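[1] Let's see this in three dimensions:
(one chain, ligands or ions: 2)
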Amino acid sequence: MGSFSSLNSISIDRGCILVKCQDAIKNSNVKRLSTRASVTTSTPQSLRLEELNARKSEKFQIGVLGASGYTGSEIIRLLAAHPNFKITLMTADRKAGQSIGSVFPHLVKQDLPDLIAVKDADFSNVDAVFCCLPHGTTQEIIKGLPSSLKIVDLSADFRLRDADEYEEWYGQPHKALELQKETVYGLTEISRSEIQNARLIANPGCYPTSVQLPLIPLIKANLIGVKNIIIDSKSGVSGAGRGAKEANLYTEIAEGIHSYGVTRHRHVPEIEQGLSEAANSKVTVSFTPHLMPMSRGMQSTIYVEMAPGASTEDLYEHLKSFYEKEEFVILLKKNEIPHTRHVRGSNYCLMNVFPDRIPGRAIIISVIDNLVKGASGQALQNLNLMMGIPENTGLHSVALFP
Ligand SMILES: NC(=O)C1=CN([C@@H]2O[C@H](COP(=O)(O)OP(=O)(O)OC[C@H]3O[C@@H](n4cnc5c(N)ncnc54)[C@H](OP(=O)(O)O)[C@@H]3O)[C@@H](O)[C@H]2O)C=CC1
Ligand SMILES: CC(=O)N[C@@H](CCC(=O)OP(=O)(O)O)C(=O)O
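    Ligands and ions are numbered 1, 2, ... in the order given. Here you go, the predicted structure:
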């Protein structure tokens, strides 16, 4: 087992002891899964430290299914600086048989295995996988994986709890309903304790992440009404994946805004599911997504009715206290406008609340990088939790600016 050479500081963060060490992990022997250490007042501190010291030096073998796509390559980029996760298996479909450097030249220097087809993959030494595959395909593949594997699924296949709703929005019956029952929806800041103990995570969609992070706390606190929520969202083109067709060509997207999914987009039921759970009643929303001429980034501008007597100041103060201790969700100073260029390449969600000209209404703006907090970054946050290591491991990169 590997070990840290020195222990510098200890802190307690969201129920976990964080141990900061000066040196990187020295050895890279592979250990299998372990659980997260929760702090209890009855636990002898010395024992806990030993356990955490051991855990911080553990290495886990990671598979990336769909490594030749945008979210797969983003996982590889993030794991390049991860001390505990080593990618030992990578799959592709049409690109199976190729090296990662031939598919993504920016990754040529990474020490990684070649891409293989899922059917040829040996999972016997793999501890956990990120599934970065198209929805529909994913459920069949996950069904065939060993039940010992921890899985973070970036597709939409396990996000909707209602099988009929899945069929209605995704146009085919769900084929792995038994797995659906054990799935935890991985909006990290909202469901942290369930995620820690989960085996299979449905990583949220990018639009639903940008919308639910501000709205769920406000709905739970009864500060906004659940009627007349209007969501106007904009996404970078990478949101459509690397296999995107004509509609995503440079000539179609550059120098313009492209609305799509008007009146019907498959993220509507996912957003409504999360908000309805927060409200304990059925919530419906108006949602229109747009493609913007940028590679990555996402903004949701959300128009809400405030609860009788509530003010934008109340909404602001509630979000401030709700996210005060969170590393990746940041409520900006009053009047500061969130911009997508301030989250490019980072796992941050920036948000703010503004008064509407119409009395009783408020405008909320939230921004994320669709490939990071909207996909691979949140997926890594979740797997860190599932493996019992600090949630922010490998997620320290600040935004690329300008
Ligand atoms: N892009 C984004 O911003 C976000 C995406 N997501 C979701 O994450 C998942 C991956 O998205 P993204 O990376 O953008 O998609 P890409 O189209 O960029 O990549 C898809 C990957 O899946 C592989 N693949 C395709 N079909 C099959 C198949 N039948 N069997 C096995 N492997 C297959 C591809 O291999 P090959 O290259 O060889 O064809 C590729 O590696 C999707 O479900 C997407 O909806 C979620 C949040 C945000
Ligand atoms: C720009 C663009 O095309 N975006 C995708 C959503 C990306 C995403 O989050 O998709 P999943 O739900 O599959 O994870 C879309 O609108 O379908």
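
[2] my read is Ile365 is in a strand, agree?
    Yes. Judged by DSSP: H, G, I helix; E, B strand; the rest coil, Ile365 forms part of a strand.

[3] Contact partners for Leu78?
    By C-beta atoms under 8 Å, 6 or more residues apart in numbering, the contact list for Leu78 reads Val372, Ser376, Gly377, Leu380, Gly394, Leu395, Ser397. Placement of C-beta: from N, CA and C, glycine included.

[4] if we take these, which one ends up nearest to ligand 2?
    For the contacts of Leu78, the residue nearest ligand 2 by C-beta to the nearest ligand atom is Ser376; the value is 11.1 Å.

[5] where's the residue nearest to the closest one when sequence neighbours are not counted relative to ligand 2, distance?
    The shortest distance from Ser376 to any non-neighbouring residue, by C-beta to C-beta, 6 or more residues apart in numbering, is to Glu74 (3.9 Å). Taking C-beta to the nearest ligand atom, to the nearest Å as the measure, Glu74 falls 13 Å from ligand 2.

[6] Let me see the contact set for Glu74.
    By C-beta under 8 Å, 6+ apart, the contact set of Glu74 is Leu371, Val372, Ala375, Ser376, Gly377.

[7] Mind doing that once more with 7 Å?
    Remark: with contacts taken as C-beta atoms under 7 Å, 6 or more residues apart in numbering, Glu74 is in contact with Leu371, Val372, Ala375, Ser376.

[8] out of those residues, which one sits closest to ligand 1?
    Using C-beta to the nearest ligand atom, Ala375 comes nearest to ligand 1 of the contacts of Glu74, at 3.6 Å.

[9] for that closest one, helix, strand, or coil?
    At Ala375 the chain is in helix, as set by three-state DSSP.

[10] Format the contacts of Glu74 as TSV; extra columns: distance to ligand 1, pLDDT and neighbour count.
    Supplementary listing: those in TSV, determined by distance: C-beta to the nearest ligand atom, whole Å; pLDDT from 0 to 100; neighbours: other C-beta atoms under 10 Å:
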residue	distance to ligand 1	pLDDT	neighbour count
Leu371	5	98	26
Val372	9	98	31
Ala375	4	98	28
Ser376	8	98	30
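
[11] Could you count how many residues lie near Arg242?
    Look at Arg242: counted by other C-beta atoms under 10 Å, it has 16 neighbours.

[12] Make sure it is actually in contact with Gly72.
    No. Arg242 lies out of contact with Gly72 (C-beta atoms under 7 Å); the separation is 9.0 Å.

[13] Which stretches in the stretch 101-250 of the chain count as strands?
    If DSSP state E, counting those that start in this stretch is used as the criterion, the strands of the stretch 101-250 of the chain fall at 115-116, 128-131, 150-153, 184-185, 200-202, 229-235.

[14] Kindly report the same for the stretch 251-400 of the chain.
    258-259, 285-291, 298-305, 329-331, 349-355, 361-368.

[15] is it possible to export these to JSON lines including mean neighbour count, mean pLDDT and distance to ligand 1?
    As requested, the strands of the stretch 251-400 of the chain are exported to JSON lines (neighbours: other C-beta atoms under 10 Å; pLDDT from 0 to 100; distance: least, C-beta to the nearest ligand atom, whole Å):
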{"stretch": "strand 258-259", "mean neighbour count": "14", "mean pLDDT": "94", "distance to ligand 1": "16"}
{"stretch": "strand 285-291", "mean neighbour count": "18", "mean pLDDT": "97", "distance to ligand 1": "12"}
{"stretch": "strand 298-305", "mean neighbour count": "23", "mean pLDDT": "98", "distance to ligand 1": "8"}
{"stretch": "strand 329-331", "mean neighbour count": "21", "mean pLDDT": "98", "distance to ligand 1": "17"}
{"stretch": "strand 349-355", "mean neighbour count": "22", "mean pLDDT": "98", "distance to ligand 1": "14"}
{"stretch": "strand 361-368", "mean neighbour count": "24", "mean pLDDT": "98", "distance to ligand 1": "10"}
